[in-house]
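> Just to be clear, the model below is a prediction. Sequence and coordinates:
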Amino acid sequence: AGAPWVFPRVNALLGRAVPATASPAWFAACRQSSAYPKRTTRAALPFFAGAGVAGLFTGMIGTWQRAIDASGQAELNTVDTVICLTPPVAIGLVGTACQMLLSRRQRIADFASLRVAGASRRTVLGAAVGEAALTSATVFLLSTGFTLLVSTMTARALSATGLPAEGSLVWPPLAAVVAGGFAAAAAVNVSAALRANRGNPRGLLARE
């Protein structure tokens, strides 16, 4: 429910972490991301859902496993956990790719506008990758916070049952989802940027 408010603002804060003067491509990526908050939210929401599910289960199970290890009991079946994680994570990544593909024509027009404004082909490609990196950083930050919150709550619940536990964060699944989402977003953005870099940008902008 809070995604349309949260994602654009976190994006903007992360964008300002790097000075605009450091790179024209990064400046363009930040401007594009902040100019279309609804599109940013639509692209990031399924991505966050996949990363959030991965973080929720791995953080909770990692904390639970730590409590079991401390008490000397048997281990959890992590193979079943991975199998259960696969469908929601895949849905999140596919949803991200589909949202990006549905907006590809608009992305071509955006990058053609940059060309018309005087940006070089290299800057346009850099902006395409920069937007994907900015979205991925936002999702990584929010899903990591979500994971830590869930694992901390799990630790408190386990402590109430007498099992010694502390919050745990399991990085590989979360990092894999974030990397996959970045790859999907970057692939769509770069393909749109390459299309915008070919031919006359004004003519392309008129057609798109």
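Yep, that arrived. Residues are numbered from 1 along each chain as shown.
> What residues of the lengthiest helix in the chain count as buried?
In the chain, taking DSSP state H as the definition, the longest helix is helix 121-160. Within helix 121-160, the residues that count as buried by 16 or more other CB atoms under 10 Å are 121, 123-140, 142-144, 146-147, 150-152, 154-155, 158. In this view, the C-beta of every residue, glycine as well, is placed from N, C-alpha and C.
> which element follows that helix toward the C-terminus?
The element immediately downstream of helix 121-160 (helix or strand, assigned by DSSP states H and E) is helix 171-197.
> buried ones in that following helix?
173-174, 177-178, 180-182, 184-186, 188-193, 195-197.
> quick check: angle from that helix to helix 121-160?
Between helix 171-197 and helix 121-160, the angle comes out at 160 degrees (axes from the mean of the first three to the mean of the last three CA atoms, to 10 degrees).
> how far out from the middle of the chain is helix 171-197?
Chain-centre distance of helix 171-197: 9 Å, with CA atoms, centre = their mean, to the nearest Å.
> Equivalent analysis for stretch 146-155, please.
Worked out by CA atoms, centre = their mean, stretch 146-155 lies 20 Å from the chain centre.
> Now it - C-alpha only, PDB.
C-alpha atoms of stretch 146-155 as PDB (Å, rounded to 0.1, in the frame of the first residue of the first chain):
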ATOM      1  CA  PHE A 146      12.300  -6.200   5.800                       C
ATOM      2  CA  THR A 147      14.400  -9.400   6.300                       C
ATOM      3  CA  LEU A 148      16.100  -8.100   9.400                       C
ATOM      4  CA  LEU A 149      12.700  -7.100  10.900                       C
ATOM      5  CA  VAL A 150      11.200 -10.500  10.300                       C
ATOM      6  CA  SER A 151      14.300 -12.400  11.600                       C
ATOM      7  CA  THR A 152      14.300 -10.200  14.800                       C
ATOM      8  CA  MET A 153      10.600 -10.900  15.400                       C
ATOM      9  CA  THR A 154      11.300 -14.600  14.900                       C
ATOM     10  CA  ALA A 155      14.100 -14.500  17.400                       C
END
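> on contacts alone, who are the packing partners of the helix or strand of the chain with the lowest mean pLDDT?
Lowest mean confidence among the helices and strands of the chain (mean pLDDT, DSSP states H and E): helix 78-102, at a mean of 71. Packing contacts for helix 78-102, counted by 3 or more CB pairs under 8 Å, 6 or more residues apart in numbering; DSSP states H and E, involve helix 37-71, helix 171-197.
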